[in-house]
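Enquirer: Here's my sequence, what's the structure:
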Amino acid sequence: MLGAIWTQTLVLAITGVIVLYYAMETAKTRREITRQNLMVLRPVIVLDFYQDSSFNRALVIQNIGNGAAFNIDVEPLNIVPDTTAWDIHFDKIDFLKAHGSQEIKYVMPTIGHEGHRDRGSLFFPQETQKTRRMRIRYEDVEGGRYEVELGVYPRDAASSKAGYVSYSPIQKL
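Expert: Numbering: from 1, shown residues only. This next block holds a predicted model:
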């Protein structure tokens, strides 16, 4: 009789451990599914550095994600620290729909009028002479804030390849 009680207790304990294990695995699975669903609906903002054969330049901001982006702000990081010599200001974009794009205007007061040919040579990968860094901040529809940094790298003098842009992973703030 005592052996049967111990056997029942052992089986019940093992069953409890198994149920607890599956409950924990189900909770992890639910969290991962929620995380992935949020990532699918997240806006993803990138810059397209456009230059045509006549050297007309345009910065086009693109939302390559599946969610709308709000309050998009672009900030140059290393133009000329602690000086206004190359004071660049990008216009803030209030809204960009999923898979939408829009030219982002910028002002460089010391260079002159907006149509000046050399205005983009600081940060366009086609012409920049040194690595430039920029930061993009934006929000999703629920007020989640994100930040991504990008590096604009110049053309390698030993190569015929054009410069390129590299993005850091998106950070949720």
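Enquirer: Skip ahead from the lowest-mean-pLDDT helix or strand in the chain and say which helix or strand is next.
Expert: Counting by mean pLDDT, DSSP states H and E, the weakest-scoring helix or strand in the chain turns out to be strand 106-107, with a mean of 78. Downstream of strand 106-107, the first helix or strand assigned by DSSP states H and E is strand 132-139.
Enquirer: count of neighbours near residue 148?
Expert: Neighbouring residues of residue 148 were enumerated by other Cβ atoms under 10 Å; the total is 18. Where C-beta positions appear, they are placed from N, C-alpha and C, glycine not excepted.
Enquirer: Report the beta-bridge partners for it.
Expert: Note on residue 148: beta-bridge partners by DSSP bridges are residue 136.
Enquirer: my read: it touches residue 134, true?
Expert: No. Proximity of residue 148 to residue 134 does not meet the contact threshold set by Cβ atoms under 8 Å, at 9.2 Å.
Enquirer: Do a quick rundown of the strands in this structure.
Expert: Per DSSP state E, the chain has strands spanning 45-51, 57-63, 69-76, 89-90, 93-96, 101-103, 106-107, 132-139, 145-153, 164-167, 171-172. These are given in chain order.
Enquirer: and of these, who's closest to residue 7?
Expert: strand 171-172 (51.3 Å; Cβ to Cβ).
Enquirer: what's across from residue 62 in the sheet?
Expert: In this structure, residue 62 has the following beta-bridge partners (DSSP bridges): residue 46, residue 101.
Enquirer: Quick check: it vs residue 94, distance?
Expert: According to Cβ to Cβ, to the nearest Å, residue 62 and residue 94 sit 16 Å apart.
Enquirer: Any idea how many residues pack against the closest residue to residue 144 other than its chain neighbours?
Expert: Spatially, and ignoring its direct neighbours in sequence, residue 144 is nearest to residue 172 (6.4 Å; Cβ to Cβ, 6 or more residues apart in numbering). Burial of residue 172, expressed as a neighbour count using other Cβ under 10 Å, amounts to 10.
Enquirer: separation between residue 172 and residue 147?
Expert: Between residue 172 and residue 147 the distance is 8 Å, computed by Cβ to Cβ.
Enquirer: coming back round to it: which other helices and strands contact the least confident helix or strand of the chain?
Expert: For strand 106-107, the packing partners by 3 or more Cβ pairs under 8 Å, 6 or more residues apart in numbering; DSSP states H and E come out as strand 89-90.
Enquirer: so what's residue 66 up against?
Expert: For residue 66, the contact set (Cβ atoms under 8 Å, 6 or more residues apart in numbering) comprises 40, 41, 42, 43, 98, 99.
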